[in-house]
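Colleague: Just a sequence and a predicted model for now, questions to come.
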Amino acid sequence: MSEPSAAVEVDLKSLRDRPFELLAELERRGRAVSAQLSEQADAGREWVGVALRMAGDLYLVAREETREVLGVPASSTRVPGAKPWIKGLANVRGQLLPIIDLRQFLGSGVTPITRNTRIVVVHHREIPAGLLVDEVLGFRRFAENEFSGEAPPTVARCERYLAGAFRRGQEQWPVLSLRGVLESPAFAEAAA
């Protein structure tokens, strides 16, 4: 009995002089492989988020909720009469972006500016904001079955903005909802 791959080659070779049938067979096989890959992808769906560090804890934010990650702008303009967690307005490629100290907003101290400090620009249709965080660690991928609705307690006291956590081995990665932060009543009260 011959191997399946050898049988495939023989079938295709036998169609060498019949180009239409050869193309039809190649299309049929391509569709079969594509359907098989699609089934495998559905079985192993993954969630992709941006990992960040804030107040010593690790967090994830959904990739869909982030537009980009920037370094701390060299200058920003202070907003008179604003709460202290609003660090100012920065000009980012010709558009004004409010810079928010996320730790300070949550009530867990001011974010120290270091060479690792970053601005996470939130992807929100109505509320532009750049959130100051201690560090951005890049993308992290998790299988959907690693998700738990229960989030662990955090140093930054942001439990009300957590949308569960991913667990892998002993690691816990709480998922911070940027939409929840921006749409919260506390965030809307930006005047001092």
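Modeller: Structure received.

Colleague: Just give the closest residue to residue 143, not the sequence neighbours.
Modeller: Across the structure, with CB to CB, 6 or more residues apart in numbering as the measure, the residue nearest residue 143 apart from its sequence neighbours is residue 46 (5.7 Å). The C-beta positions use only the backbone N, C-alpha and C, and glycine is treated the same way.

Colleague: now residue 26
Modeller: Beyond its immediate neighbours in the sequence, the residue positioned closest to residue 26 (CB to CB, 6+ apart) is residue 12, lying 7.7 Å away.

Colleague: Check the burial of the residue nearest to residue 143 by counting its neighbours.
Modeller: Each residue near residue 46 was counted by other CB atoms under 10 Å, and the total is 11.

Colleague: Hmm, it is touching residue 144, no?
Modeller: Yes. Between residue 46 and residue 144 a contact is recorded at 6.8 Å, counting by CB atoms under 8 Å.

Colleague: re the thing from before, enumerate every residue touching the residue nearest to residue 26.
Modeller: By CB atoms under 8 Å, 6 or more residues apart in numbering, the contact set of residue 12 is 22, 25-26.

Colleague: Confirm that it sits in a strand.
Modeller: No. Secondary structure assignment (DSSP: H, G, I helix; E, B strand; the rest coil) places residue 12 in helix, not in a strand.

Colleague: where's it relative to residue 20, distance?
Modeller: Summarising the geometry, the distance separating residue 12 from residue 20, computed by CB to CB, to the nearest Å, is 14 Å.

Colleague: go on, residue 95?
Modeller: Between residue 95 and residue 20 the computed distance is 55 Å (CB to CB).

Colleague: What are the phi and psi values at the residue most central in space within the chain?
Modeller: Central residue check for the chain by CA atoms, centre = their mean: the C-alpha nearest the mean position is that of residue 63, 2.1 Å away. Backbone geometry at residue 63, expressed as degrees, to the nearest 10, gives phi -60, psi -40.

Colleague: try the one 5 residues further on
Modeller: As for residue 68, its main-chain torsions (degrees, to the nearest 10) stand at phi -170, psi 170.

Colleague: My guess is it contacts residue 118. True?
Modeller: No. The pair residue 68 and residue 118 does not pass the contact test of CB under 8 Å, sitting 10.1 Å apart.

Colleague: Among the two, which residue is more densely surrounded?
Modeller: Each of residue 68 and residue 118 has its neighbours counted (other CB under 10 Å); residue 118 has more, 21 against 11.

Colleague: residues contacting the residue lying closest to the more buried one once chain neighbours are set aside?
Modeller: Ranked by CB to CB, 6+ apart and with sequence neighbours excluded, the top spatial neighbour of residue 118 is residue 136, at 4.4 Å. When contacts are counted by CB under 8 Å, 6+ apart, residue 136 is found next to 50-53, 69, 118, 120.
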